[in-house]
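Engineer: how would this look folded up:
(one chain, ligands or ions: 2)
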Amino acid sequence: MQQRMPRRLSRHRSPWTLQRRLVLTVVGLLALVSLTIGVVSVVILRASLLDRLDVQLASAVDRSGVALGGVGDNDGDRSGDLPGSRYFGTPTADSILSGPAQPPGLLALVYDKATITTGYTDDRSGVIEALTTQQVRLLADHVNQLAPVTVDLGGELGDYRVQVETSRSGTLYLVGLPLTGVAATAAQLAVIIGLVSLAGLVVVAVIAAWVVRLALRPLQRMTATATRVAQLPLDRGEVSLDDRVPAGDTDPRTEVGRVGSALNRMLDHVNRALEARQASERKVRQFVADASHELRTPLASIRGYSELTRRSGQELPPDAMHALGRIESESVRMTGIVEDLLLLARLDEGRELDMQPVDLTMLLVDAVSDAHAAGRDHVWNLDLPDEPLKAIGDEPRLRQVIANLLANARVHTNAGTTVLVALDEHDERAVISVTDDGPGIPEELSVTLFERFARGDSSRFRAANAAGAPSTGSTGLGLAIVAAVVAAHHGEVTVDSRPGQTTFRVSLPMA
Ligand SMILES: Nc1ncnc2c1ncn2[C@@H]1O[C@H](COP(=O)(O)OP(=O)(O)O)[C@@H](O)[C@H]1O
Ligand SMILES: [Mg+2]
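Structural biologist: Ligands and ions are numbered 1, 2, ... in the order given. Purely as a prediction, here's the structure:
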């Protein structure tokens with residue numbers, strides 16, 4: 001486990017982009033090919049230069065043999081004909097080196113009657129210099145060889161190609177040619193190939209980066225399309241998914257084009273699903289709106305007739321009077337629910353509100369005095385700024401928002417609860433807050449508080465209603481309407497509740 005962790009981390013630290021990987025692969029392969037070509041060329045060149053040097057060496061050996069032979073007894077006549085072979089004593093290295101047409105840098109060693117003479121012509125000055133004992137010993141190690149060999153003489157001389165031969169007069173001699181030329185030419189070729197390869201690699205890297213970026217650009221456009229789509233709020237409301245990958249990037253004959261066309265097909269598919277969802281939502285909304293609208297008239301009739309009967313002046317048994325009173329109050333409650341549902345359905349449709357500057361100060365004064373009249377057991381406080389504050393909004397709807405919040409502070413708290421309604425200005429926004437010191441909002445409601453039909457302790461109210469007690473008016477639609485109206489005003493509603501303090505805050509754009 002401990003060993004696996006760092007490896008995983010390092011693998012995820014800096015992922016290589018496709019572009020980087022492609023460019024580095026191309027450059028790496030090209031470098032490998034260039035290196036192989038360079039090494040093979042240098043080796044071949046060296047071998048062929050060595051062959052040529054061996055040919056030169058062979059002719060130097062021949063000439064040297066002639067030079068030495070010229071001093072021998074068996075070929076006395078020809079010695080006079082040879083210019084340069086002016087040595088008429090014992091055969092020495094000098095007689096080879098000062099021979100005709102000998103190349104610069106030539107090295108010679110002559111072993112004659114237990115005497116060794118050595119020497120080489122310095123390539124620059126042309127002066128004949130002697131070899132050191134150490135170098136002679138190195139050469140002596142190769143004396144028995146018949147084919148040309150390479151000997152490292154060290155110091156200024158470096159590598160030499162040497163060959164041993166016996167002259168016609170029986171003298172053993174060794175002739176050598178410097179390898180410096182071969183080495184220099186090979187090194188020069190290596191440097192040239194290296195430089196040209198390097199320049200080629202740079203050019204190829206630049207071109208490859210450019211080509212790869214060009215080839216990957218459609219992917220970037222697809223990413224942009226996908227990102228834009230991902231930011232759309234597809235889960236709610238009416239949204240149209242029109243964004244598509246540009247037609248140029250959807251050619252199915254290319255790999256990238258196939259990705260593009262697959263993405264477009266997927267977007268088409270999502271769009272169709274979205275349209276189906278929106279259509280069914282529209283249908284449900286329309287149904288709710290129609291149903292609530294249709295229910296209004298019969299409800300008004302029920303209310304009207306029961307009221308009429310109750311006030312007809314006829315003597316009715318007390319039970320019948322009670323039942324009529326219940327019919328009336330329940331039809332009022334149902335009318336309220338139906339109105340709320342209709343309002344929610346219209347807000348869902350996104351119907352335009354009648355936006356105008358609304359004096360929030362006046363609105364709060366009215367709302368609090370209404371609440372005071374309805375809830376005499378509560379303590380109502382109002383905290384207003386010195387200057388009147390105006391917001392942009394639909395006045396009846398805003399009245400409803402405040403009324404709902406104040407009704408909650410009255411209905412869901414015990415008698416004697418203090419409610420503070422305050423108005424403030426904050427960041428160019430009007431902020432209305434309603435605070436009570438009641439028991440607080442039940443914990444299980446915190447998530448669904450602003451959803452439709454979300455209400456706390458419903459069983460208690462239902463039980464009370466079933467027993468025929470006066471209705472509490474709890475429907476769970478109040479805060480849903482608050483949220484929907486505030487959202488339609490581009491405002492915001494927040495809640496902060498704990499036992500002993502519950503605060504609803506509504507912020508609205510100022511006029
Ligand atoms: N000020 C408050 N104090 C305690 N509970 C509250 C308060 N306001 C709202 N609630 C809780 O939130 C629920 C939802 O409120 P609302 O949407 O207005 O529905 P309703 O008032 O019809 O029950 C209420 O049933 C109640 O349990
Ligand atoms: Mg309510």
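Engineer: Just after the helix or strand of the chain with the lowest mean pLDDT, pick out the following helix or strand.
Structural biologist: Lowest mean confidence among the helices and strands of the chain (mean pLDDT, DSSP states H and E): helix 76-79, at a mean of 40. Remark: after helix 76-79, the chain's next helix or strand is helix 93-97, criterion DSSP states H and E.
Engineer: what about Ser41, how many residues close to it?
Structural biologist: Using other CB atoms under 10 Å, the number of residues around Ser41 comes to 15. For glycine as for every other residue, the C-beta is placed from the backbone atoms N, C-alpha and C.
Engineer: for the host helix or strand of it, the distance to its chain's centre please.
Structural biologist: Ser41 is located in helix 18-70, with elements delineated by DSSP H and E. The chain centroid and the centroid of helix 18-70 are separated by 49 Å under CA atoms, centre = their mean, to the nearest Å.
Engineer: as a whole number, average confidence for that helix?
Structural biologist: Here helix 18-70 scores 91 as its mean pLDDT.
Engineer: Show me what that helix is packed up against.
Structural biologist: Contacts defined by 3 or more CB pairs under 8 Å, 6 or more residues apart in numbering; DSSP states H and E place helix 18-70 against helix 76-79, helix 93-97, strand 159-166, strand 172-178, helix 180-230.
Engineer: Show me which residues of the chain sit near ligand 1.
Structural biologist: Neighbours of ligand 1 within the chain, by CB under 6 Å from any ligand atom: 404, 408-409, 412-413, 436, 438, 440-442, 445, 449, 454-456, 474-480, 502.
Engineer: Let me know the angle separating the helix holding Ser41 from strand 159-166.
Structural biologist: Counting by axes from the mean of the first three to the mean of the last three CA atoms, to 10 degrees, helix 18-70 points 30 degrees away from the direction of strand 159-166.
Engineer: Helix, strand, or coil at Gly154?
Structural biologist: coil (DSSP: H, G, I helix; E, B strand; the rest coil).
Engineer: Residue of the chain nearest ligand 2, please.
Structural biologist: Nearest residue of the chain to ligand 2: Gly478, at 2.7 Å (CB to the ion).
Engineer: which residues sit in contact with that residue?
Structural biologist: Listed by CB atoms under 8 Å, 6 or more residues apart in numbering, the contact partners of Gly478 are Asp340, Asn404, Ala407, Asn408.
Engineer: Per-residue pLDDT of the residue nearest to the second one when sequence neighbours are not counted, please?
Structural biologist: With CB to CB, 6 or more residues apart in numbering as the measure, Gly478 is the residue that lies nearest to Asn404, at 4.1 Å, once sequence neighbours are left out. Per-residue confidence at Gly478 stands at 94 (pLDDT).
Engineer: Which neighbouring elements make contact with the host helix or strand of Asp268?
Structural biologist: Assigned by DSSP H and E, Asp268 belongs to helix 255-310. Applying 3+ CB pairs under 8 Å, 6+ apart, we find helix 255-310 packed against helix 180-230, helix 318-348.
Engineer: Make JSON lines from those and add mean pLDDT and mean neighbour count to it.
Structural biologist: Formatted as JSON lines, the helices and strands packed on helix 255-310 follow (pLDDT from 0 to 100; neighbours: other CB atoms under 10 Å):
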{"stretch": "helix 180-230", "mean pLDDT": "93", "mean neighbour count": "14"}
{"stretch": "helix 318-348", "mean pLDDT": "92", "mean neighbour count": "16"}
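Engineer: Which of the ones you listed sits closest to Ala58?
Structural biologist: Across the helices and strands packed on helix 255-310, Ala58 has its closest neighbour in helix 180-230 (15.8 Å, CB to CB).
Engineer: Run the angle between that closest one and helix 255-310 for me.
Structural biologist: Using the same axes, to 10 degrees: helix 180-230 against helix 255-310 is 20 degrees.
Engineer: how close does the residue of the stretch 151-300 of the chain found nearest ligand 1 sit to Ser280?
Structural biologist: Proximity of the stretch 151-300 of the chain to ligand 1 (CB to the nearest ligand atom) peaks at Ser292, 16.6 Å away. Relative to Ser280, Ser292 is positioned 19 Å away (CB to CB, to the nearest Å).
Engineer: Show me which of the two is the more surrounded one.
Structural biologist: With neighbours defined as other CB under 10 Å, Ser292 and Ser280 compare such that Ser292 has more, 20 against 10.
Engineer: What residues does that one make contact with?
Structural biologist: Taking CB under 8 Å, 6+ apart, we find Ser292 in contact with Val338, Glu339, Leu341, Leu342, Ala345.
Engineer: Tell me the secondary structure of Val419, please.
Structural biologist: With three-state DSSP as the criterion, Val419 reads strand.
Engineer: Please spell out which residues along the helix or strand containing Pro509 are buried.
Structural biologist: Assigned by DSSP H and E, Pro509 falls within strand 501-509. Neighbour-count burial for strand 501-509 flags Thr502, Phe504, Arg505, Val506, Ser507, Leu508 (criterion: 16 or more other CB atoms under 10 Å).
Engineer: Then stretch 484-500?
Structural biologist: For stretch 484-500, a neighbour-count test (16+ other CB under 10 Å) marks Ala484, Val485, Val486, Ala488, His489, Gly491, Val493, Val495, Ser497 as buried.
Engineer: Redo the buried residues of strand 501-509 as CSV? Include pLDDT.
Structural biologist: Putting the buried residues of strand 501-509 into CSV (pLDDT from 0 to 100) gives the following:
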residue, pLDDT
Thr502, 96
Phe504, 97
Arg505, 97
Val506, 97
Ser507, 96
Leu508, 95
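Engineer: which of the residues you listed lies closest to Leu214?
Structural biologist: Nearest to Leu214 among the buried residues of strand 501-509, counting by CB to CB, is Ser507 at 50.4 Å.
Engineer: my read: that closest one touches Glu428, true?
Structural biologist: No. Between Ser507 and Glu428 there is no contact under CB atoms under 8 Å: 9.9 Å.
Engineer: How about residues contacting stretch 487-500?
Structural biologist: Here stretch 487-500 makes contact (CB under 8 Å, 6+ apart) with 347, 353, 355, 391-394, 397-398, 429, 437-441, 446, 449-450, 482-483, 486, 502-509.
Engineer: Does ligand 2 have contacts with it?
Structural biologist: No. Contact of stretch 487-500 with ligand 2 is not found when judged by CB under 5 Å from the ion; the minimum separation is 12.7 Å.
Engineer: Distance from that stretch to the middle of the chain?
Structural biologist: 37 Å.
Engineer: just stretch 351-361 next, same as before
Structural biologist: The chain centroid and the centroid of stretch 351-361 are separated by 46 Å, computed with CA atoms, centre = their mean.
Engineer: And stretch 288-298, by the same measure?
Structural biologist: The answer for stretch 288-298 is 54 Å, by CA atoms, centre = their mean.
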